[in-house]
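Asks: attaching a predicted model along with its sequence, questions to come.
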Amino acid sequence: MLQVERPGIRSNTGALQQAATSAIVQNVTGVNRLQRQQGAVFNNNMELLFNGPQLRSFNFTFRLSARSKSEARIIQKIIRTLKQGMSAKKANNFLFVKSPHTFFLGYYRNQELHPFLNKFKECALTGLNMSYTPDGNYATFYDGAITSYEMTMTFQELEPVFDSDYGSDYETIGY
C-alpha cells in the first residue's frame, strides 16, 4: 500500500484520535467528552457550508398555442410524448419496474451549445403540469382540439455537478 505523508498530519494524530473517540462517546452516550474535558467543540462551519453534492432541478414553462387544427394535433403529440416518456416502464414479466426515459437538455445557438448559458447533465422529467385554460377560459377548435396550453416541466439532473466537469478552457459559463 502506498502511503503519502502530508505535513502536519502526524503531529495531529493524537488530536484526531481524541476527536474520533469523543465523537463515538457522544453518539453512544450523548455526552460531549471534548467539551467537558477541554472546553472544545467541533467546528460545524463545514456542515453549514457543505452537506454533500446536490442534484439540481430546473423548471421550464412554455405556452403552446395552436393556430390551426394541424398545429393542435402536433401539440397534442408533444404533450403525450413527454407524459409517456416520464412514466415508469413495466418489465415483460411484471416483476420489475424500469426507470423512465431520460433527457439531454441544452440551449442551442447555430446548432451548438450556447456558450453564454448554463449547461445541463442528463435529466429525468420529474414533473409535468398542464394548464388547459391558460387564458382563464376554455377554447377549442370545431373538432374539440384545445387552442392553447401552458406546460410547466420540472427536470432533475441524475448526477451532481463536480468541479472537474467545468474543464479549464473558460470559453463557456459551464454548469
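Replies: Noted; the coordinates are in hand.

Asks: quick one, strands of the chain?
Replies: Listed in chain order, the strands of the chain (DSSP state E) span 57-65, 89-90, 97-98, 102-103, 108-109, 112-113, 123-131, 148-157.

Asks: kindly report the domain assignment for the chain.
Replies: 10-49, 57-166 (automatic domain parsing).

Asks: end to end on the last one, go ahead and measure it.
Replies: Its start and end residues considered, domain 57-166 measures 18 Å (C-alpha to C-alpha, to the nearest Å).

Asks: so for that domain, what's the average pLDDT?
Replies: Averaging pLDDT along domain 57-166 yields 93.

Asks: from the chain's centroid, how far away is that domain?
Replies: Mean-position distance between domain 57-166 and its chain equals 15 Å (C-alpha atoms, centre = their mean, to the nearest Å).

Asks: deepest of the strands of the chain, which one?
Replies: For these, average neighbour numbers computed from mean count of other C-beta atoms under 10 Å are highest in strand 148-157, which has a mean of 18. For glycine as for every other residue, the C-beta is placed from the backbone atoms N, C-alpha and C.

Asks: tell me what angle it forms with strand 123-131.
Replies: 160 degrees (axes from the mean of the first three to the mean of the last three C-alpha atoms, to 10 degrees).

Asks: and strand 148-157, what does it pack onto?
Replies: In terms of contacts (3 or more C-beta pairs under 8 Å, 6 or more residues apart in numbering; DSSP states H and E), strand 148-157 is packed against strand 57-65, helix 69-85, strand 123-131.

Asks: buried stuff in the second one?
Replies: When neighbours are counted by 16 or more other C-beta atoms under 10 Å, the buried residues of helix 69-85 are found to be 72, 75, 79, 82.

Asks: would you mind checking which of those is nearest to Glu112?
Replies: Leu82 (24.7 Å; C-beta to C-beta).

Asks: quick one: that closest one from Lys119, how far?
Replies: Applying C-beta to C-beta, to the nearest Å, the value for Leu82 to Lys119 is 21 Å.

Asks: swap in Glu159?
Replies: From Glu159 to Lys119 the distance is 13 Å (C-beta to C-beta).

Asks: what does Thr102 give?
Replies: 16 Å.

Asks: export the strands of the chain as a markdown table, with columns for distance to Ile24.
Replies: A markdown table is the format used below for these (distance: least, C-beta to C-beta, whole Å):
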| stretch | distance to Ile24 |
| --- | --- |
| strand 57-65 | 37 |
| strand 89-90 | 45 |
| strand 97-98 | 40 |
| strand 102-103 | 41 |
| strand 108-109 | 53 |
| strand 112-113 | 49 |
| strand 123-131 | 39 |
| strand 148-157 | 36 |
